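In: all I have is the shape, not the residue letters:
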C-alpha cells in the first residue's frame, strides 16, 4: 500500500504538461490536509468527465504534489482532474480519511463545472490505499451520503489500481491502530459492503504485486458480480504494485496499457468521445534518453 515517493518526484519532472491548466491550493474543507489541486485542459469543450484521483501511501504518507504527473496524464486525456489530500495516520484513523475523501468528492461535484467539467460524469479513481478509499466510497453509501452526495446518482464509475479491498487480518501494529479494534474490522472492508448497487468498477492489478495481493481485486469483482453489479478485473502479468499507476507516466507507458484501459472505461462510463482533443501528451519516442534510463530503474 506504499508508494515510491522519490520516483513520483522524478516523474513530475518528465511528464508532459502541455495544454493543461492547474489551479492549486483550493480548500475543500478546513484544515491543513483539506486542500486539492485541479488539472484541466486549457481547451474548453463541453462534456468533459470530472475525475477525482486518490493517491496511496498506506494511509500514513503521501501528498498531492507528489502526484502532479497523474493529474497531467489524466487531464491530457481530456478530463477535469481533482487531486485532493486527506488526513493521514497518526492524525487520522479509519474512517476519518474516508470522510475527507467524501468531502473532496462533494467539492468536485459542486465545482467541477467551473473548470469545464460535466459533473454528471463523475468518476472516482485511486491507487493502493487510494483505491481502497475510492471503492469504499462507492460501495458504502454512508460516507458520500453524509457529505451530501448520492453515490447512485452522482458517481458514474470507479477505478481501483492495486487496491486492498479484502485484506483481513491486518498484520502490522500501525494498520491495527488505523483500522481499530478487531471486533470492528469487518466493517472496514469494502468487500463486506457490496450490494450490487454501486457504480460499475474497473479493477487493475499487477501479478507481481507483493504489497497488495492481486486476489483482492478478483474477490471484490466476483462479489460485485454475484450481487448483480458490474465489475471487471484486468491483470498485468509483468507489473508490480506501483507500476500499475507508474505506467500512466509518458516515459513508462511501454510497461503496460493501464492508462489506455482506464481511459477506455472512463470514456465509456461518461459517454465521452474526445475526438477533437489532441493534447494527449508526448509519446515514448519523444523521451528516448529518459526512457532508456527508466527501463533501468528499480521499483517505483
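Out: Perfect, I can see it now. Bear in mind the structure is a predicted one, so any value in this text is a computation, not a measurement.

In: which helices and strands does the lengthiest strand in the chain pack with?
Out: When the chain is parsed with DSSP state E, its longest strand is strand 117-127. Using 3 or more CB pairs under 8 Å, 6 or more residues apart in numbering; DSSP states H and E as the contact test, the elements touching strand 117-127 are strand 48-54, helix 96-111, helix 129-139, helix 151-154, strand 155-161, helix 258-270. C-beta here means a position set from N, CA and C on the backbone, and glycine is covered the same way.

In: closest to residue 232 out of those?
Out: Across the helices and strands packed on strand 117-127, the minimum distance to residue 232, taken as CB to CB, is reached by helix 258-270, at 7.9 Å.

In: mind listing what's buried along the closest one?
Out: 258-259, 261-263, 265-267, 269-270 (16 or more other CB atoms under 10 Å).

In: ok, the nearest residue to residue 28 once chain neighbours are set aside to residue 48 distance?
Out: With CB to CB, 6 or more residues apart in numbering as the criterion, residue 28 has its nearest non-adjacent residue at 3.8 Å, and that residue is residue 107. Residue 107 is 17 Å from residue 48, where distance means CB to CB, to the nearest Å.

In: residues contacting residue 17?
Out: By CB atoms under 8 Å, 6 or more residues apart in numbering, the contact list for residue 17 reads residue 72.

In: who has more neighbours out of residue 107 and residue 48?
Out: residue 48 (27 against 22; other CB atoms under 10 Å).

In: didn't the more buried one look like it was pressed against residue 79?
Out: Yes. Taking CB atoms under 8 Å as the definition, residue 48 is a contact partner of residue 79 at 6.0 Å.

In: can you list residues touching both of these two?
Out: Contacts common to residue 48 and residue 79, judged by CB under 8 Å, 6+ apart, are 41, 117.

In: neighbours of residue 153, how many?
Out: For residue 153, the count of nearby residues is 10 (other CB under 10 Å).

In: what comes up buried for stretch 228-236?
Out: Result for stretch 228-236 [16+ other CB under 10 Å]: buried residues 229, 231, 233-234, 236.

In: got a markdown table for the residues you listed, with secondary structure, pLDDT and distance to residue 35 too?
Out: A markdown table is the format used below for the buried residues of stretch 228-236 (DSSP: H, G, I helix; E, B strand; the rest coil; pLDDT from 0 to 100; distance: CB to CB, whole Å):
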| residue | secondary structure | pLDDT | distance to residue 35 |
| --- | --- | --- | --- |
| 229 | coil | 98 | 33 |
| 231 | strand | 98 | 32 |
| 233 | strand | 98 | 33 |
| 234 | strand | 98 | 32 |
| 236 | strand | 98 | 32 |
